[in-house]
Every structure is written in structure tokens, then in C-alpha cells.
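Student: okay, here's the prediction I keep looking at, along with the sequence it came from:
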Amino acid sequence: MTPKRVLFLVIGLLFAIFVFQNAQVVEVRFLFWSAHASRALVLLGTMILGLLAGWLTAWMRQKEHELEKKQNS
């Protein structure tokens, strides 16, 4: 197992512990919208959105780099 994979597993385990310890229902407000949800679901949703944003940014940079490389050839 690579060190990177071990690091991801440790971070995932710590996040899971954190989420399960924060399972209370909280009020979530965004602009004019309001709802009650489990804090664990809010944290999980936030993490997923962050991961998607990071993945999308990396993918766009890779495509931009490939385009520049192709134009310089």
C-alpha cells in the first residue's frame, strides 16, 4: 500500500469519526433557504462538494496544460 493511500485512509477514518460524533440536528441557512438536517449530513455534503471542486479544478488545469503543449508542438 502506498503512503498516499494510507494517508487518504487515515484522513477518511478521522473524518468518519468526526461526523459520527456530530450527529445532532442543526438548522442550515443559505440565502433565503432554510432547513433542518443532521450535522453529519451537512459535513458529508460539504466534504463531497469540496472534493468535486478540487477534482474539477485539477481536471481543468490538466486540459489547459495539454492544450498549451499541443499548441507549442
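Tutor: Okay, I see it. None of the values given here were measured: they were computed from a predicted structure.
Student: use CA for all of it now, contacts and neighbours both
Tutor: OK.
Student: contacts for stretch 34-52?
Tutor: Outside stretch 34-52, the residues that touch it by C-alpha atoms under 8 Å, 6 or more residues apart in numbering are Val19, Phe20, Asn22, Ala23, Gln24, Val25, Val26, Glu27, Val28, Arg29.
Student: how about the contacts made by the third one?
Tutor: Taking C-alpha under 8 Å, 6+ apart as the criterion, Asn22 is in contact with Arg39, Ala40.
Student: which strands or helices does the host helix or strand of Val28 pack on?
Tutor: Using DSSP states H and E, Val28 sits in strand 25-30. The elements that strand 25-30 packs onto, with contact taken as 3 or more C-alpha pairs under 8 Å, 6 or more residues apart in numbering; DSSP states H and E, are strand 33-38.
Student: quick check: next helix or strand after the strand it packs on?
Tutor: The helix or strand immediately downstream of strand 33-38 is helix 39-72, counting by DSSP H and E.
Student: quick check: angle from that following helix to strand 33-38?
Tutor: 110 degrees (axes from the mean of the first three to the mean of the last three C-alpha atoms, to 10 degrees).
Student: biggest separation within the contacts of stretch 34-52, which pair?
Tutor: Largest separation among the contacts of stretch 34-52 by C-alpha to C-alpha: Phe20 and Arg29, giving 21.7 Å.
Student: make a markdown table out of the contacts of stretch 34-52 and add pLDDT and distance to Ala58.
Tutor: Formatted as a markdown table, the contacts of stretch 34-52 follow (pLDDT from 0 to 100; distance: C-alpha to C-alpha, whole Å):
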| residue | pLDDT | distance to Ala58 |
| --- | --- | --- |
| Val19 | 77 | 27 |
| Phe20 | 81 | 30 |
| Asn22 | 82 | 31 |
| Ala23 | 81 | 32 |
| Gln24 | 89 | 34 |
| Val25 | 91 | 34 |
| Val26 | 90 | 33 |
| Glu27 | 91 | 33 |
| Val28 | 88 | 29 |
| Arg29 | 90 | 30 |
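Student: give me the buried entries from those.
Tutor: Those of the contacts of stretch 34-52 that meet the buried threshold are Val19, by 16 or more other C-alpha atoms under 10 Å.
Student: let's have the contacts of stretch 34-52 in a markdown table, adding distance to Ile11.
Tutor: A markdown table is the format used below for those (distance: C-alpha to C-alpha, whole Å):
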| residue | distance to Ile11 |
| --- | --- |
| Val19 | 12 |
| Phe20 | 14 |
| Asn22 | 17 |
| Ala23 | 19 |
| Gln24 | 22 |
| Val25 | 24 |
| Val26 | 24 |
| Glu27 | 27 |
| Val28 | 25 |
| Arg29 | 28 |
